[in-house]
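Asker: Have a look at this prediction, sequence included:
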Number of protein chains: 4
Amino acid sequence: MTVQLDIGAINSMVVEQFPGTGNRCIEIGPDFAVAAYDVTPSDIRPGGFVSGPCQFALADCALWFLSFVGLGRIEPMALTSELSIRFLRPAVGDRILCRAELEAVSRRSVVGTAHVWVDGMPDKITAAAQGTYAVPLPR
Amino acid sequence: MTVQLDIGAINSMVVEQFPGTGNRCIEIGPDFAVAAYDVTPSDIRPGGFVSGPCQFALADCALWFLSFVGLGRIEPMALTSELSIRFLRPAVGDRILCRAELEAVSRRSVVGTAHVWVDGMPDKITAAAQGTYAVPLPR
Amino acid sequence: MTVQLDIGAINSMVVEQFPGTGNRCIEIGPDFAVAAYDVTPSDIRPGGFVSGPCQFALADCALWFLSFVGLGRIEPMALTSELSIRFLRPAVGDRILCRAELEAVSRRSVVGTAHVWVDGMPDKITAAAQGTYAVPLPR
Amino acid sequence: MTVQLDIGAINSMVVEQFPGTGNRCIEIGPDFAVAAYDVTPSDIRPGGFVSGPCQFALADCALWFLSFVGLGRIEPMALTSELSIRFLRPAVGDRILCRAELEAVSRRSVVGTAHVWVDGMPDKITAAAQGTYAVPLPR
């Protein structure tokens, strides 16, 4: 499936193929992608913080969008090979954002770095991640 | 908060303090913890696979339970410092399990290794993770 | 290059192709490999500890040997895609060991978990790692 | 030990306390540090590439220098808690560089992101890493 790479097309694919996620693409550029998520009460863990898995899910999604950028096409079957994440400070807020930046693209994988923050506080990174996305191999 | 370390007490804490998660503790031992999760339709991503974030959330929870084992007490404020996860094969099924094993406990952190699999297929690990949990410092 | 998989053949390849490393294979099995390293003065960092990079290098080598096990052949061009390592306690001693265990093998990668310890203290893991090794693709 | 934070003082400490390493600090700024290493024949692995552990060692050192920046002092006992690294393309050259950028500083740890490249090819990142450095706790 190759679809022109724009935000609307990415989000249409997400809504259609992965309806369970609330993560959305809000910006793409030549070497980055930004995703956003509106926090729900079920994402709050003890202490009132946005849960780690919720931030992980957003970072994973931003890096997935980034893999589309790296590949130049919407490729739903780009799969997370590995992702490491560090939680840097408590995340408290209604909306979180994540910017993923491209490190490298090869014929087998896309690698990027991601930063998560609470909307309005871009200088207070709440999580930093790096990950690798496997590109489907030709059969 | 110090509560006797048994599965019922752990799950009561989880239900009370983190009602949004469906992850539950199903077994603990001297150096391990096992968590389980019943997959919901919203956890399924393109291809019909249990999503990576869903598996991450279970691994994170199993390691959180493991930190209680390592500390000898239920410590809801043990927080994930960092977690790295590798996705090894597609996960297809209704229920996923994760066993976390203790690597080390110090006064500042607990480290463990975790394996995720689909119920009934313990030989087919779908994700492997390692992570560090920060122990609250005395004030 | 395909050579019968035994310890002698592995170490011969290492000595010939990568003479700069002192890491050696000392044991292999159906799903594991063990590597050893004799610590030199240049590996000691402030505090008298075996340096992190020295332990990383051993873990990386043990996992490389493990990739041979997973592939069933000595494959010098299996390359580290990614490796994450946690340092658990100070390593003080003259010889360090690392056991790597197989998590998964696919046509594109081998994933394993590794534990490092000082010779004679197998219960005191000094570092725990997980990593992914890329299998050369057919051209 | 608190010493004024400048490149000369950092390298003097390195040479004195960790004579085995060839990694040097070549630049620091308010939220970054750059380290350099002159590759030796023993760092070359099969294929003619600068070895992964050699790049890891440089990244680890750059992040160690970064922890000094984050703490505002030379703190030799800042220790690597964990480091994850991704190897992005072959590194071929005589000198490698690594820039580490600060993500967060807390009273217990410093977290940063690092990029490695071969001198003269800053647009061709050969490895990307993220890691956590433990700050010594008051006794």
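Answerer: Structure's in. What do you need?
Asker: CA only for contacts and neighbour counts going forward, please
Answerer: Will do.
Asker: ok, the helix or strand of chain A with the lowest mean pLDDT: who's next to it in the sheet?
Answerer: One helix or strand of chain A scores below all others by mean pLDDT, DSSP states H and E: strand A:44-45, with a mean of 90. Counting by DSSP bridges, the strands paired with strand A:44-45 are strand A:49-50 (antiparallel).
Asker: residues in contact with the least confident helix or strand of chain A?
Answerer: Contact with strand A:44-45 is made by A:50-51, B:17-18, B:20, as judged by CA atoms under 8 Å, 6 or more residues apart in numbering or on different chains.
Asker: Among these, name the ones in helices.
Answerer: Those of the contacts of strand A:44-45 mapping onto helices are residue B:17, per DSSP state H.
Asker: Point out the least confident one among the contacts of strand A:44-45.
Answerer: Lowest pLDDT among those: residue B:20, with 86.
Asker: So which bits of chain A are right by chain C?
Answerer: Residues of chain A lying near chain C by CA under 8 Å from any CA of the partner chain: none.
Asker: picking that back up, report the two of the contacts of strand A:44-45 separated the most.
Answerer: Spatially, the most separated pair among the contacts of strand A:44-45 is A:50 and B:17, at 12.9 Å (CA to CA).
Asker: ok, these two, which is more surrounded?
Answerer: residue A:50 (25 against 16; other CA atoms under 10 Å in any protein chain shown).
Asker: What's opposite the more buried one in the beta bridge?
Answerer: Beta-bridge partners of residue A:50, as defined by DSSP bridges: residue A:44.
Asker: how about the residue nearest to the spatial centre of chain A, secondary structure?
Answerer: Nearest to the geometric centre of chain A sits residue A:62, at 1.6 Å (CA atoms, centre = their mean). With DSSP: H, G, I helix; E, B strand; the rest coil as the basis, residue A:62 sits in helix.
Asker: Do any residues in stretch A:10-29 lie close to chain B?
Answerer: Yes - using CA under 8 Å from any CA, stretch A:10-29 comes into contact with chain B via A:17-21.
Asker: Out of those residues, give me the one that has the most neighbours.
Answerer: residue A:18 (22 neighbours).
Asker: residue ranges of the helices in chain A, please?
Answerer: Using DSSP H, helices in chain A cover A:7-17, A:52-71.
Asker: returning to that earlier point: could you let me know which of the contacts of strand A:44-45 ends up closest to chain C?
Answerer: Using CA to the nearest CA, residue A:51 is the member of those that sits closest to chain C, with 22.6 Å.
Asker: Around the closest one, how many other residues sit close by?
Answerer: So residue A:51, with other CA under 10 Å, has 24 neighbours.
Asker: wait, it sits on residue A:43?
Answerer: Yes - if you go by CA atoms under 8 Å, residue A:51 and residue A:43 touch, sitting 5.6 Å apart.
Asker: pretty sure residue A:75 contacts residue A:68?
Answerer: Yes - applying CA under 8 Å as the test, residue A:75 and residue A:68 come out as touching, 5.9 Å apart.
Asker: ok, the nearest residue to residue A:47 once chain neighbours are set aside to residue A:23 distance?
Answerer: Distance criterion CA to CA, 6 or more residues apart in numbering or on different chains; nearest residue to residue A:47, sequence neighbours excluded, is residue B:77 at 7.4 Å. To residue A:23, residue B:77 is 27 Å away according to CA to CA, to the nearest Å.
Asker: ok, now residue A:66?
Answerer: 14 Å.
Asker: And for residue A:61?
Answerer: 7 Å.
Asker: Tell me which stretches of chain A form strands.
Answerer: A:24-29, A:32-38, A:44-45, A:49-50, A:79-87, A:95-105, A:109-118, A:125-134 (DSSP state E).
Asker: Adding distance to residue C:124, write these out as CSV.
Answerer: What follows is the strands of chain A, written out as CSV (distance: least, CA to CA, whole Å):
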stretch, distance to residue C:124
strand A:24-29, 45
strand A:32-38, 42
strand A:44-45, 33
strand A:49-50, 34
strand A:79-87, 25
strand A:95-105, 36
strand A:109-118, 33
strand A:125-134, 29
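Asker: pLDDT below threshold where in chain A?
Answerer: A:1-4, A:139 (pLDDT under 70).
Asker: hmm, 50 instead?
Answerer: A:1-3 (pLDDT under 50).
Asker: Would you mind listing what in it touches chain D?
Answerer: Residues of chain A lying near chain D by CA under 8 Å from any CA: A:84, A:88, A:103-104, A:111, A:125, A:128-130.
Asker: ok so, going back, what touches both of residue A:61 and residue A:23?
Answerer: Counting by CA under 8 Å, 6+ apart, the contacts common to residue A:61 and residue A:23 are residue A:35.
Asker: ok, residues contacting stretch A:17-24?
Answerer: Outside stretch A:17-24, the residues touching it (CA under 8 Å, 6+ apart) are A:11, A:14-15, A:35-38, A:58, A:61, B:41-46.
Asker: To clarify, my last question referred to stretch A:51-60.
Answerer: Residues contacting stretch A:51-60 (CA under 8 Å, 6+ apart): A:23, A:35-37, A:43-45, A:80, A:83, A:85, A:87, A:96-100, A:114-116, A:127, A:129, B:52-54, B:56-57, B:60, B:80.
Asker: and what of stretch A:114-133?
Answerer: A:55, A:58-59, A:62-64, A:67, A:78-101, A:109-113, D:103-104, D:129-130.
Asker: ok, now how distant is residue A:134 from residue C:132?
Answerer: Relative to residue C:132, and taking CA to CA, residue A:134 is found at 12 Å.
Asker: And the two? Which one has more around it.
Answerer: Shown here are residue A:134 and residue C:132; by other CA under 10 Å, residue C:132 has more neighbours (30 against 20).
Asker: Not counting its neighbours along the chain, what's nearest that one?
Answerer: residue C:111 (4.5 Å).
Asker: thought that neighbour was touching residue C:104?
Answerer: Yes - with contact defined as CA under 8 Å, residue C:111 reaches residue C:104; the gap is 5.3 Å.
Asker: what do those two both touch?
Answerer: By CA under 8 Å, 6+ apart, the residues touching both residue C:111 and residue C:104 are residue B:88.
Asker: re the thing from before, who has more neighbours, residue B:77 and residue A:23?
Answerer: For residue B:77 versus residue A:23, the count of surrounding residues by other CA under 10 Å is larger for residue A:23: 25 against 15.
Asker: Need phi/psi at the more buried one.
Answerer: Reported as degrees, to the nearest 10, the phi and psi values for residue A:23 are phi -70, psi 140.
Asker: For it, give its distance to chain C.
Answerer: 27 Å (CA to the nearest CA, to the nearest Å).
Asker: ok, now residue A:26?
Answerer: Look at residue A:26 and chain C: by CA to the nearest CA, they are 29 Å apart.
Asker: That residue: what's it in contact with?
Answerer: A:7, A:33-36.
Asker: rewinding a little: now the contacts of stretch A:114-133: which count as buried?
Answerer: By neighbour count, with 16 or more other CA atoms under 10 Å in any protein chain shown, the contacts of stretch A:114-133 hold A:55, A:58-59, A:62-64, A:67, A:78-93, A:95-101, A:109-113, D:103-104, D:129-130 as buried.
Asker: circling back: would you convert the contacts of residue A:26 into TSV that also reports distance to residue C:138?
Answerer: Formatted as TSV, the contacts of residue A:26 follow (distance: CA to CA, whole Å):
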residue	distance to residue C:138
A:7	35
A:33	32
A:34	35
A:35	36
A:36	39
